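> Here is a sequence together with a model predicted from it:
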Amino acid sequence: MDIMNLSKEEMKSVLERYELAMERIREIEREEEVRMPLRDYFQKVSAFLILLDDVAQKVRDGSYLKLSLKELQAVNRSLYNDIIEDNYLESYANPTYACKKLGKRYGKLLSFLYTELRALIVFAFEKQLYLHTIYLELFIQVYGLIRWEDEFSFKDIKRAIHDFMYDYCDVIIDYRTKETSDPAYSFAKDIIMEADLSDLRYLYRFGDYISENELKTAEFINSLPEEQIKSMADTFTSGFERGFLVAGLDLSIKNNVNIRYQIGFERVVRQAVKNFMQLGLEPIIFRAAYLALNKKQHLKIGYHASSPNKQYEYDHRFDIGIFLDKGLKNRMIESRKASLEKIKHITQNYAGPALIEVFGEELFAPEDKAEAIKLNKLQQKLMTQYYNDEKLLSKEYLKLEEISFTIISYPIPEIGEDFEDIFADTIKVNTLDNDTYTKIQQSIIDTLDKGEYVRILGKGKNRTNMMVKLQPLKDGDKETNFENCVADVNIPVGEVFTSPQLSGTHGILHVPLVYLNDLAYYDLELVFEDGRIVDYSCKNYDDLDKNKSFIKENLLYNHETLPLGEFAIGTNTTAYMMGKKYDIAPKLPILIAEKTGPHFAVGDTCYSMREDLKVYNPDGKEIIARDNEYSLLRKTNPSKAYFNCHTDITLPYDEIMEISAVLSDGSTIPIIKDSRFVLEGTKLLNEAFDMK
């Protein structure tokens, strides 16, 4: 069933089911047949669903758009109030509270169910009545089983949830596939292009939680002159276009692009849409996933707002563990493939993602709750297999070897009272001169290409001691190991990077504090042998096993090991000093942070699934280090070639004692010594260090 294109008769039938479901839920709110405290749970969840029904009715009849700003803010707060700040401590969405009140057996299960039902907020705003309805029916089914719990066991209830997910898997995944691949599904785009962006009421049309970040960002963006908005959008879209030029790809055969951003930047995004359309690219703007079947842990892939509660999202990152088994995993892949097959005439024209990232939120070190759902070892393997199979499908249907991307970052008001100054400095960082950096970085590359290894030593509290093996060059006049990366796909300018040879790469990578994928890591240490992680630790928790689990789940993505997919030297000392000036270095996004020192990426190489595409530097040399021992398996065993992750870990300049090229005779050529660039042709980079 194509739930996005229901016939009148189908829509009438769904509406009847919805109304019957809501009628039953209103009865549940008043009933007392279920024993306490389960009764309290069902009554409170019913009250939430009734509240949401009222909002959905207003959205459908148009009266929601007539509400005042204060009224819209009150509605938005009411929908998210249960999980905001201290309210979450006594919410059934909190697995700790749910287990305390309902017992461990029911607590995890019903906390999961309530969290899934909270995703109905977005379906109410998008008028996705079918998805809204089937989840209401699941709630009613679970209530009925618990109401007669003398006749039905806990296993029967868990099986009902599993069967629901299995039965509707194709519908849910088909919806997600089309939403993320077809420009015709334009909920967000319509708001961005048609709303009066000077009237901040438009923010509440998305259905996301709207915090001070979104309001103040939109206010600030509205205050900027049109020429600055155009300049910001031009930097963004021209970076995407240059990515195709640098890679020698044909942009003219593509006709859609995915824009991802944080709510509040609509004025910039509107101009970017216009720019992309002039390039012949229709925008796809999809929402970050909320349902357990579609989420990738706590990560937000798609447009979104600030989190109402990061601990809430972290607690539910593995909710799929409630019902995941081999049969469901296979059905998920079958459903994904069937959906892609139906729209392959659209997906083959995909140009790639264009991301506007934000930074400035408070560092988040999550509580590791025993009551939160975790994946068992079998489920961990199933999920890594699923992501691998899904990536191979994307390679086939989205032609990943023919796409490019671009990423740019801006601060949000949560960064503090210097927000506007940091924003202005970020724009300067994003528009540094490419030609200047091309020449400086070429000096570094010419030196590194003489080496057999690169040696990296930390200083002070940083215990890093790494030897990174470089790929052998057959012809140094025509080949190079390092890409000269300026401001095309990765904005801002400033790094040289390579895919190391794994055999011969070894040592310890250590960072006293680093922020990766919205999570803080304290005293992170990774030990490498032959380019693979063989041990790891951190000090986020007092318990050693908790620290191990934290790293495995959130950095290794439940793989037993990951290779070193990239080594790079960042050259953007201006960005580094911006971080120092405002004391925001730990809050800088990976995109900027990776340019502020050497960085190591664990996972796939930078050329993942595009290894056979020849890439050249501005000096005409071919970058030959596009593969490693794992990615080469794509030719014989594709299922073992990729890990479907790539996480950059940066060492700031002030934690670097030495970075040197180590030649085959054992001699060294230093590039950085005691936190400063010492190689001839690079010393201009030190000027930023000396600025007051």
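Here it is on my side, so go on.
> Which neighbouring elements make contact with the helix or strand bottoming out on mean pLDDT in the chain?
Within the chain, confidence by mean pLDDT, DSSP states H and E is lowest for helix 590-593 among all helices and strands, at a mean of 85. Here helix 590-593 touches strand 406-411, helix 573-581, strand 646-650, going by 3 or more Cβ pairs under 8 Å, 6 or more residues apart in numbering; DSSP states H and E. (C-beta placed from N, C-alpha, C; glycine too.)
> Redo those as JSON lines? Include mean neighbour count, distance to Pro589 and mean pLDDT.
Listed next are the helices and strands packed on helix 590-593 as JSON lines, based on neighbours: other Cβ atoms under 10 Å; distance: least, Cβ to Cβ, whole Å; pLDDT from 0 to 100:
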{"stretch": "strand 406-411", "mean neighbour count": "24", "distance to Pro589": "5", "mean pLDDT": "94"}
{"stretch": "helix 573-581", "mean neighbour count": "21", "distance to Pro589": "11", "mean pLDDT": "93"}
{"stretch": "strand 646-650", "mean neighbour count": "21", "distance to Pro589": "10", "mean pLDDT": "94"}
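> Same list (these) but as TSV, adding distance to Lys461.
Putting those into TSV (distance: least, Cβ to Cβ, whole Å) gives the following:
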stretch	distance to Lys461
strand 406-411	27
helix 573-581	17
strand 646-650	15
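> out of these, nearest to Gln297?
Gln297 lies closest to strand 646-650 among these, at 12.4 Å (Cβ to Cβ).
> Export the closest one to CSV, keeping only CA atoms.
C-alpha atoms of strand 646-650 as CSV (Å, rounded to 0.1, in the frame of the first residue of the first chain):
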residue,chain,number,x,y,z
HIS,A,646,33.6,7.0,9.7
THR,A,647,34.3,9.0,12.9
ASP,A,648,37.1,11.7,13.0
ILE,A,649,39.1,12.1,16.2
THR,A,650,41.1,15.3,16.4
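> can you list the weak-confidence ranges in this structure?
1, 487-488, 692 (pLDDT under 70).
> follow-up on the earlier one: which residues are contacting the least confident helix or strand of the chain?
The set of residues external to helix 590-593 that reach it, using Cβ atoms under 8 Å, 6 or more residues apart in numbering, is 357, 359, 407-409, 426, 429, 490-492, 515-517, 572, 575, 579, 585, 599, 647-648, 650.
> how far out from the middle of the chain is it?
14 Å (Cα atoms, centre = their mean, to the nearest Å).
> just checking, next helix/strand downstream of that helix?
strand 598-603 (DSSP states H and E).
> What is that following strand packed up against?
Using 3+ Cβ pairs under 8 Å, 6+ apart: strand 598-603 touches strand 564-570, strand 646-650.
> Might you calculate how far it sits from the centre of the chain?
17 Å.
> Each with direction, which strands does the longest strand along the chain pair with?
Ranked by residue count, the top strand of the chain under DSSP state E comes out as strand 501-516. Taking DSSP bridges as the criterion, strand 501-516 sits next to strand 465-469 (antiparallel), strand 519-529 (antiparallel) in its sheet.
> most neighbours per residue, which of these?
Greatest average neighbour count among those goes to strand 465-469 (a mean of 21), per mean count of other Cβ atoms under 10 Å.
> contacting residues around it?
Contacts for strand 465-469 (Cβ under 8 Å, 6+ apart): 452-458, 500-509, 528, 531, 564, 567, 600, 662.
> can you do 10 Å?
448, 451-458, 498, 500-510, 526, 528, 530-531, 564, 566-567, 598, 600, 651, 657, 659, 662 (Cβ atoms under 10 Å, 6 or more residues apart in numbering).
> are any of those buried, and which?
Buried by 16 or more other Cβ atoms under 10 Å: 448, 451-458, 498, 500-502, 505-507, 509-510, 526, 528, 531, 564, 566-567, 598, 600, 651, 657, 659, 662, out of the contacts of strand 465-469.
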